[in-house]
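Enquirer: how would this look folded up:
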Amino acid sequence: MYEQLNKIEKIVFDACSVFLVLFYSYSAVLQPTATQYHRGIYIVITYVLVFLLYKSKNLIMRVIDYILIALSIVTIGYWIINFEAINYRTGAETDLDMAIAVVGVLIGVELARRVVGTVFVILGGVLLL
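Expert: Residues are numbered from 1 along each chain as shown. Next up, the predicted model:
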């Protein structure tokens, strides 16, 4: 899968991978980080790496992959930046909170569909009913 990436995608993939290792090494050895950074950085980099590896076949869908990567960064970034405020207003979410959450969940479902397969989406839909 890695071999199928173009040069720029390989550089982004490698940079994200090295950053993830360095961040968690720093966090484990020198100074622990806050919860929102610990979880958020892991999730956003994992999302980026998965969308890079499990890419779509045609060019138009590949552009959508990049849009999904950008939306992943925006949704997780929103959660990281507003972590404390979101915790304080639990049960009284704003419309923006709900919209970001919906986009985040849909991105997560698409991510799981690519990795696990369509069966995940079907089971989720059946269990939802």
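Enquirer: now the most centrally placed residue in the chain: closest residue in space, sequence neighbours ignored.
Expert: What sits nearest the mean C-alpha location of the chain, by C-alpha atoms, centre = their mean, is Y47, with 3.3 Å. For Y47, ignoring the flanking residues on the chain, the nearest one in space by C-beta to C-beta, 6 or more residues apart in numbering is S72 at 4.1 Å. The C-beta positions use only the backbone N, C-alpha and C, and glycine is treated the same way.
Enquirer: starting at the chain centroid, how far to the strand or helix carrying that neighbour?
Expert: If you go by DSSP states H and E, S72 is part of helix 59-81. On the basis of C-alpha atoms, centre = their mean, to the nearest Å, helix 59-81 sits 8 Å off its chain's mean C-alpha point.
Enquirer: over to stretch 31-49?
Expert: Worked out by C-alpha atoms, centre = their mean, stretch 31-49 lies 10 Å from the chain centre.
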